[in-house]
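Student: Sequence and predicted structure below; questions after.
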Amino acid sequence: MPLPSATPDGDGVRVDGLAGWVGSAALRELVARFGGRWPAGDLGAVLAGLDDFSAGCWDFRAGRERPEAREPDLDPATVDLVHAAADALGLVRARPPAQTRYAHLVVLGGLAHACLRRVAYAAHLLRTGVEVTGEVAVLGSFRPLSGAERRTLAAAGVTGCDTEVDVLDAAVRRTFAAPAPEADDGLDAGHPHHSWSSRTYRPTGTPPVRVLAAPSSEPQRRRAHTADTQRFWAEHAQLARHDEVLLVTAPIYVPFQHCDALRTLAVPYGCEIDTVGVDPTLPDLTRLPEPTLTPGRYLQEIRSAIRSLRTLHTTLR
């Protein structure tokens, strides 16, 4: 299924494709397989119903970080259906960027292995013909690393990292051969949910690379999430109407993070968003660690996409 898209239209932005993704046969079959009835009503009611349904059936995190989510016990036929639905909904296969020229390339942070892979893929895109006229932005937060992440980094030869943004910074320095930032700014507020940082590198032969750690928009409740990092970067980058932004993440997160970007970047700034997942078959990436993607992981991120679509739809009303 094609992802929703946003196009500047007069003084506003036209967003198309929400109903197509939500009402797809793949999602309908998946809901039925787990005993659900398709919600009645308009698109808003359908999204609310799917949000409630997925909370009961596909929320394996229960407020925890993704690596701590439990894995459901599913029969082989259901596993096959989950994989087929995830593929149809755009969570499995990587696709190349739609264009060769963008105003900005934005790399979304994540777990340690993802930080390494996504920065490496961004560098690959720049080497193989993607032109960026503005900057490369690498977005993360001060989320502390887990023990498993530290072991992953050690195996990849990366040391001295305590937080997600530390990994992103190390990945930029290593991948782009940029030993020191040209500009270093930020605020240490005494708590990671309130603090922020910005480091700008100027590697030879590439656009400027900014590594940004965002504060949380709800610091009393949680760390910064994807939408926080996108919004915080947009304020720093001074986005212009009609800017074309290429986002890099993992294929499994493309639908939900794309819809977050439509809400936080396309709608308020009039930008056009293209979101791609890292291609795991590239030789540059085969040496970097990659997690096992299970049926539970796919169901969890289908739920994430539903929630992101619901929030986007609410924003547009």
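Tutor: Nice, I can see it.
Student: Now find how far off-centre stretch 151-169 is within its chain.
Tutor: Distance of stretch 151-169 from its chain centroid, counting by C-alpha atoms, centre = their mean, to the nearest Å, is 19 Å.
Student: Between the two ends of that stretch, how far is it?
Tutor: 18 Å (C-alpha to C-alpha, to the nearest Å).
Student: Other residues contacting it?
Tutor: Contacting residues not belonging to stretch 151-169 are listed as 107, 109-113, 115-116, 119, 138-145, 149-150, 170-171, 174, 192, 197, 199, 211-213, 288-289 [C-beta atoms under 8 Å, 6 or more residues apart in numbering]. Any C-beta I mention is one placed from the backbone N, CA and C, and that applies to glycine too.
Student: mean confidence for it?
Tutor: Looking at stretch 151-169 alone, the average pLDDT works out to 93.
Student: begin at 697 from here
Tutor: I'll keep to 697 as the first residue from here, and by that count the last item is stretch 847-865.
Student: Of all the residues in that stretch, which ones are buried?
Tutor: Residues 848-849, 852, 854, 857, 859-865 are the ones in stretch 847-865 that count as buried (16 or more other C-beta atoms under 10 Å).
Student: How about stretch 907-925?
Tutor: Within stretch 907-925, judged by 16+ other C-beta under 10 Å, the buried ones are 907-912, 915, 919-920, 922-925.
Student: List just the nearest of these to G882.
Tutor: A909 (7.4 Å; C-beta to C-beta).
Student: Report the secondary structure state of V727.
Tutor: helix (DSSP: H, G, I helix; E, B strand; the rest coil).
Student: Looks to me like G853 is in a strand.
Tutor: No. Assessed with three-state DSSP, G853 is coil; it does not lie in a strand.
Student: With just CA atoms, put stretch 780-790 into CSV.
Tutor: C-alpha atoms of stretch 780-790 as CSV (Å, rounded to 0.1, in the frame of the first residue of the first chain):
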residue,chain,number,x,y,z
ALA,A,780,2.2,-10.9,4.5
ALA,A,781,0.3,-8.0,6.0
ALA,A,782,3.5,-6.2,7.2
ASP,A,783,4.9,-6.6,3.7
ALA,A,784,1.7,-5.2,2.1
LEU,A,785,1.6,-2.3,4.5
GLY,A,786,5.2,-1.2,3.8
LEU,A,787,7.1,-2.5,6.9
VAL,A,788,9.3,-5.1,5.3
ARG,A,789,11.0,-4.1,2.0
ALA,A,790,13.4,-1.2,1.6
